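# Below is the sequence, then the predicted model.
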Amino acid sequence: MKMKYIVVLICMLLISTAILPVSGTVLMERTPISTSLGDTLYVGGSGPGNYSTIQSAINDASDGDTVFVYDDSSPYVENLVVDKSIELIGENRHTTVIDGNEKEDADVILIKADGVTVQGFTVQNSSYDNGIEIISHNNIIKDNILTDNKMGIQLGEIPFIYSNNSIIEGNIITNNNFAGIYFAWAFNNIISGNIISSNKYHGVFITYDSGNNLVIFNNISSHEQVGVFINNANNNTIQRNTIIDNKWGVSISYSSQNKVLENNIFNNEKNAMVDAYTVGLLRFRWFDHTWDGNYWGRFRLIPKLIPGFCLFIILNFPFFYFNINIFDHNLFLFIPVFKFDWHPAREPYDIY
């Protein structure tokens, strides 16, 4: 019986040495392994039949295919339209560059199909539009660098062009001319594990009724205006982010039922603010927001006050009916309002 076990053990050792190199290091070939079920089309490099432009490969691709882009021919000066459910994969995000060449009214990458993955690129130089604009659903934008665009990434488009259920993960979004990530008519998206820094005005800007989005595990820093700005948007969750070195850390305006939970919010000129106004008071209820468990830069034993104001408009009715612009003959009162983080964290979270 013992002899039988010895024979089995010897066979297993022979099989393992046949599979692994002697050194124990698994050698990786340069050709990528696609996770899609379709074919792989190659762009750049020296392989026979490789495409010279990314758009030509996209045009020839079918749903489920992968377009793999080598960095040999980088930068690719193109403005791409992705209208098929494909994986668009770059060889190396630092060296595989798609350059929009500052073309007016053109994103560097416009995603119109559902179920698209974009991974492994530097996407740059759309000074008038977006690095990546998504006007579809269920997409993945992962491990890219987005820089020198108007917006790094925009989800949705005004008016009423929705972008839902996408994941924006592990990107470096920096030095864009307005905002890092901009939501317009966007719902149920996840923004996770990104470095969002040094964009001109805002890091993450959520607006135009966008809702049910989760912003989590990001580092958001060094913006001239607001790290996370929620304006006219409801039911979004900002959780477990580091939000530092901005003019404002988090600002919420004309919105309802947003949650700011367990973030590091400190070293901003003003860490937080919330406001409302009477014209939309029934819809935008400043008192519905939840602030809880955030770290505010020091050990705290008492709740953290979140300052703000409510704009009351007192209509002067004799003039109101004869004037289209209600701002000409009406009285405005700015009333201070306050929220509290009732359970501020006593030490910073280890987030990123």
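Perfect, I can see it now.
# From the contact counts, what lies against the strand or helix carrying Leu41?
Following DSSP states H and E, one finds Leu41 within strand 40-43. Helices and strands touching strand 40-43, by 3 or more CB pairs under 8 Å, 6 or more residues apart in numbering; DSSP states H and E, are helix 54-60, strand 66-69. C-beta: built from backbone N, CA, C; applies to glycine.
# Can you mark which positions in it are buried?
Counting neighbours by 16 or more other CB atoms under 10 Å, one finds that the buried residues in strand 40-43 are Thr40, Leu41, Tyr42, Val43.
# same check, this time on stretch 76-96
Buried, per 16+ other CB under 10 Å, within stretch 76-96: 76, 78-82, 84-91, 93, 96.
# sorry, back to before: just the C-alphas of the strand holding Leu41, formatted as CSV.
The C-alpha coordinates for strand 40-43 follow below in CSV (Å, rounded to 0.1, in the frame of the first residue of the first chain):
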residue,chain,number,x,y,z
THR,A,40,-9.2,40.1,-30.4
LEU,A,41,-8.2,42.8,-32.8
TYR,A,42,-4.7,44.3,-32.4
VAL,A,43,-3.7,48.0,-33.0
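# Next, the residues that contact it from outside, please.
Outside of strand 40-43, the residues within contact range by CB atoms under 8 Å, 6 or more residues apart in numbering are 32, 34, 49-54, 57, 60-61, 65-70, 73, 76.
# let's go with 7 Å and repeat that
Contacts with strand 40-43, where a contact means CB atoms under 7 Å, 6 or more residues apart in numbering, come from 34, 50-51, 54, 57, 60-61, 65-70.
# Buried ones from those, can you make that a PyMOL selection?
The buried subset of the contacts of strand 40-43, as determined by 16+ other CB under 10 Å, is captured in PyMOL by this line:
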select buried, resi 34+50+51+54+57+61+65+66+67+68+69+70
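# Excluding sequence neighbours, find me the nearest residue to Ser126.
Leaving aside its sequence neighbours, Ser126 sits nearest to Gly100 (CB to CB, 6 or more residues apart in numbering; 3.6 Å).
# from what I can see the one you found touches Val108, true?
Yes. Under the criterion of CB atoms under 7 Å, Gly100 makes contact with Val108 at 3.9 Å.
# Give the pairing partners of the longest strand anywhere in the chain; include direction for each.
Determined from DSSP state E, the single longest strand within the chain is strand 122-134. Strand 122-134 sits in its sheet next to strand 97-99 (parallel), strand 109-111 (parallel), strand 145-155 (parallel), going by DSSP bridges.
# what's the longest one in contact with?
Think strand 145-155. With contact meaning CB under 7 Å, 6+ apart, strand 145-155 is reached by 93, 108, 122-134, 141, 163, 166, 168, 171-184, 186, 189, 199.
# one step back: burial count for the residue nearest to Ser126?
25 (other CB atoms under 10 Å).
# Report the contact partners of it.
Contacts of Gly100 (CB under 7 Å, 6+ apart): Asn79, Ala106, Val108, Gln124, Asn125, Ser126.
# Nearest to Trp296 among these?
Nearest to Trp296 among these, counting by CB to CB, is Gln124 at 35.4 Å.
# what ranges do the helices span in this structure?
Using DSSP state H, the helices found in the chain span residues 2-19, 54-60, 317-320.
# low-confidence ranges in the protein?
Applying pLDDT under 70 to the chain picks out residues 1-36, 276-287, 311-334, 352.
# and Leu110, what are its bridge partners?
Bridge pairing for Leu110 (DSSP bridges) gives the partners Val81, Glu133.
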